[in-house]
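Asks: pasting the structure only:
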């Protein structure tokens with residue numbers, strides 16, 4: 001019987017394990033470390049926690065005990081193959097990241113290979129033959145990709161059914177669908193629905209408490225949007241206000257359109273935040289996650305104008321994408337703009353500011369995206385992510401600590417508004433998206449308003465215009481603070497903002513009702529009246545709001561004062577009275 005964890009002394013020195021990694025190994029090999037371990041093992045750990053380190057230490061142990069002779073790593077992207085090979089080399093495992101189906105055999109100097117799920121799906125019989133020839137450990141990185149479709153799932157099952165050991169890893173919430181993920185165990189609950197069962201789970205909440213990951217401050221921006229449909233109708237809506245799903249999707253799209261001012265204003269704020277963080281973290285970097293190639297290039301041009309420095313652009317069909325990501329991670333450049341290449345698994349620890357400039361809204365993609373910013377390097381670091389005030393995203397941000405299992409036996413529910421754009425991101429359109437001679441969508445106006453901050457389950461701040469002192473108070477939060485200090489500072493700044501607004505609007509700082517509460521109630525009343533008028537006249541909400549603004553004056557609703565809103569309430573009531581008579 002081999003000694004319990006023969007390398008444990010080494011792990012505690014040159015390459016010490018985190019507590020959760022050590023605990024997961026003990027779950028795998030048993031409390032005394034002498035068990036051979038299960039054939040299948042699912043580890044769910046939050047992005048940035050160190051799943052790669054855990055997997056490679058487990059692989060090293062299995063190789064040393066001669067339980068396996070070879071290692072196959074299956075991962076989502078080409079870039080990750082090289083990242084896995086580099087990490088494996090540091091623990092003495094030689095992995096070939098350049099293996100192609102056409103070469104058949106693996107070089108003798110290698111103990112294994114790293115391949116993509118797509119490569120496996122192309123020739124499952126080849127990979128099955130390789131797996132049968134040697135006792136093999138197969139590591140499935142972000143194993144939910146094996147459930148992306150029946151063909152991929154079938155290929156993974158066929159290829160690796162003979163494996164001696166299989167380790168499945170996930171750092172993000174699984175989708176809800178009807179396709180079981182190969183080699184993942186499911187248990188039926190009292191409701192008759194089957195859910196995946198992880199053998200070891202290390203969520204964002206525990207990782208945050210352990211200091212393994214950074215806390216995330218979400219800075220949400222609303223704003224007024226106007227757009228023209230293919231029929232020539234001009235519509236308007238305000239992000240952050242109650243909207244139908246169609247209105248929200250179109251307003252969101254207008255906000256992200258480089259032709260409007262919303263993105264430029266948000267990028268200006270994000271660059272200011274990055275400058276503040278770099279006072280304490282000199283190499284802090286920022287990442288803009290774009291929907292498509294055209295938008296990514298436009299955002300990069302904006303960032304050059306704003307910061308005076310060029311941004312690294314990473315596109316999904318660029319053969320040099322991996323080199324660009326690696327180069328960016330090793331420099332002190334300010335900004336990277338990417339479509340999908342850095343949505344999961346890519347390790348750039350210095351990323352500290354993010355701009356969520358995509359309309360993809362599933363919990364899976366959101367968690368993958370935010371996972372790029374949570375890797376901790378030193379105590380007190382905080383990540384900042386800018387995003388639109390969209391209810392779906394606000395919900396995801398508030399549920400960062402929620403753990404999800406893969407759910408079967410339930411109809412698929414699409415949470416995203418434009419999730420098909422993930423496929424579009426992998427190819428560049430050569431012609432405009434037109435129908436006849438008419439554009440299906442044209443942004444007329446898009447302006448941003450600082451809405452609020454979400455942090456540690458709480459909401460802080462009131463709406464403020466970009467560039468205002470109120471916005472600057474939140475953008476200027478120091479880059480190195482303990483989590484409880486961040487909470488205290490946010491509360492303090494919110495209290496100061498409310499007191500200042502109350503005094504300015506009412507002249508009485510002791511008023512029973514704060515200006516913020518009063519304004520919120522007035523907006524709610526106005527939106528109710530607009531809804532009733534829309535039902536009566538058939539006019540869209542956005543058109544009614546635009547007409548009220550034109551008639552009564554004042555800024556968009558998100559920036560309007562209490563007096564502005566009262567005038568609009570009086571006007572719409574006047575319309576209703578005239579109509580009755």
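Replies: Sure thing, it's come through. None of the values given here were measured: they were computed from a predicted structure.
Asks: for the rest of this, base every contact and every neighbour count on C-alpha atoms.
Replies: Noted.
Asks: now residue 130: which helix or strand?
Replies: For residue 130, the host element (DSSP states H and E) is helix 124-133.
Asks: do residue 361 as well
Replies: Counting by DSSP H and E, residue 361 is found in no helix or strand.
Asks: and residue 231, by the same measure?
Replies: Residue 231 is part of no helix or strand, with elements assigned from DSSP H and E.
Asks: how many neighbours does it have?
Replies: 10 (other CA atoms under 10 Å).
Asks: got it, and the one 10 residues further on?
Replies: Residues contacting residue 241 under the criterion other CA under 10 Å number 19.
Asks: how much space separates it from residue 157?
Replies: 47 Å (CA to CA, to the nearest Å).
Asks: and the helices in the stretch 451-581 of the chain?
Replies: Using DSSP state H, counting those that start in this stretch, the helices of the stretch 451-581 of the chain run over 469-475, 483-506, 515-537, 541-552, 562-580.
Asks: quick one: closest of these to residue 448.
Replies: Across the helices of the stretch 451-581 of the chain, residue 448 has its closest neighbour in helix 469-475 (11.8 Å, CA to CA).
Asks: name the residues that touch that closest one?
Replies: Residues outside helix 469-475 that contact it (CA atoms under 8 Å, 6 or more residues apart in numbering): 269, 272-273, 276, 450, 464-465, 490, 493, 497.
Asks: most surrounded residue in the residues you listed?
Replies: Neighbour counts for these (other CA under 10 Å) peak at residue 450, which has 28 neighbours.
Asks: which residue packs closest to it, ignoring adjacent ones?
Replies: Spatial nearest neighbour of residue 450, chain neighbours left out: residue 221 (4.6 Å); criterion: CA to CA, 6 or more residues apart in numbering.
Asks: give me the element that neighbour is part of.
Replies: Taking DSSP H and E as the definition, residue 221 sits inside strand 216-229.
Asks: quick check: neighbours of the helix or strand following that strand in the sheet, parallel or antiparallel?
Replies: Under the assignment DSSP H and E, the closest C-terminal helix or strand after strand 216-229 is strand 234-239. Here strand 234-239 has these sheet partners by DSSP bridges: strand 216-229 (antiparallel).
Asks: re the thing from before, would you turn the helices of the stretch 451-581 of the chain into JSON lines with distance to residue 308?
Replies: As requested, the helices of the stretch 451-581 of the chain are exported to JSON lines (distance: least, CA to CA, whole Å):
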{"stretch": "helix 469-475", "distance to residue 308": "19"}
{"stretch": "helix 483-506", "distance to residue 308": "30"}
{"stretch": "helix 515-537", "distance to residue 308": "37"}
{"stretch": "helix 541-552", "distance to residue 308": "36"}
{"stretch": "helix 562-580", "distance to residue 308": "38"}
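Asks: among the ones you listed, which is nearest residue 209?
Replies: It's helix 483-506; of the helices of the stretch 451-581 of the chain, that one is closest to residue 209 (CA to CA) at 9.5 Å.
Asks: so which elements touch the closest one?
Replies: Applying 3 or more CA pairs under 8 Å, 6 or more residues apart in numbering; DSSP states H and E, one finds that helix 483-506 makes contact with strand 458-460, helix 469-475, helix 515-537.
Asks: repeat the analysis, applying 6 Å as the threshold.
Replies: Here helix 483-506 touches no other helix or strand, going by 3 or more CA pairs under 6 Å, 6 or more residues apart in numbering; DSSP states H and E.
Asks: pLDDT on that helix, on average?
Replies: Averaged over helix 483-506, pLDDT sits at 74.
Asks: so that helix versus strand 216-229, what angle?
Replies: Angle, helix 483-506 to strand 216-229, by axes from the mean of the first three to the mean of the last three CA atoms, to 10 degrees: 50 degrees.
Asks: point out where the stretch 351-500 of the chain drops to low pLDDT.
Replies: In the predicted model, the stretch 351-500 of the chain carries pLDDT under 70 at residues 400-440, 457.
Asks: so residue 446 sits in a strand?
Replies: Yes - counting by DSSP: H, G, I helix; E, B strand; the rest coil, residue 446 is part of a strand.
Asks: which residues touch it?
Replies: 224-225, 255, 260-262 (CA atoms under 6 Å, 6 or more residues apart in numbering).
Asks: most neighbours, which of those?
Replies: residue 255 (32 neighbours).
Asks: which residues of the stretch 351-500 of the chain fall in strands?
Replies: 351-357, 383-388, 441-455, 458-460 (DSSP state E, counting those that start in this stretch).
Asks: what would the ones you listed look like in JSON lines with distance to residue 72?
Replies: Shown next, in JSON lines, are the strands of the stretch 351-500 of the chain (distance: least, CA to CA, whole Å):
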{"stretch": "strand 351-357", "distance to residue 72": "29"}
{"stretch": "strand 383-388", "distance to residue 72": "34"}
{"stretch": "strand 441-455", "distance to residue 72": "40"}
{"stretch": "strand 458-460", "distance to residue 72": "43"}
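Asks: what's the closest of those to residue 248?
Replies: strand 383-388 (10.8 Å).
Asks: show me what the closest one is packed against.
Replies: Applying 3+ CA pairs under 6 Å, 6+ apart, one finds that strand 383-388 contacts strand 216-229, strand 351-357.
Asks: for residue 474, the count of nearby residues, please.
Replies: Neighbour number of residue 474 under other CA under 10 Å is 20.
Asks: same thing with residue 139?
Replies: Close neighbours of residue 139, defined as other CA under 10 Å, add up to 23.
Asks: for it, list each beta-bridge partner.
Replies: Beta-bridge partners recorded for residue 139 (DSSP bridges): residue 73, residue 167.
Asks: what comes into contact with the helix or strand hosting residue 187?
Replies: Element membership for residue 187, per DSSP H and E: strand 186-188. The contact list for strand 186-188 (CA under 6 Å, 6+ apart) reads 194-197.
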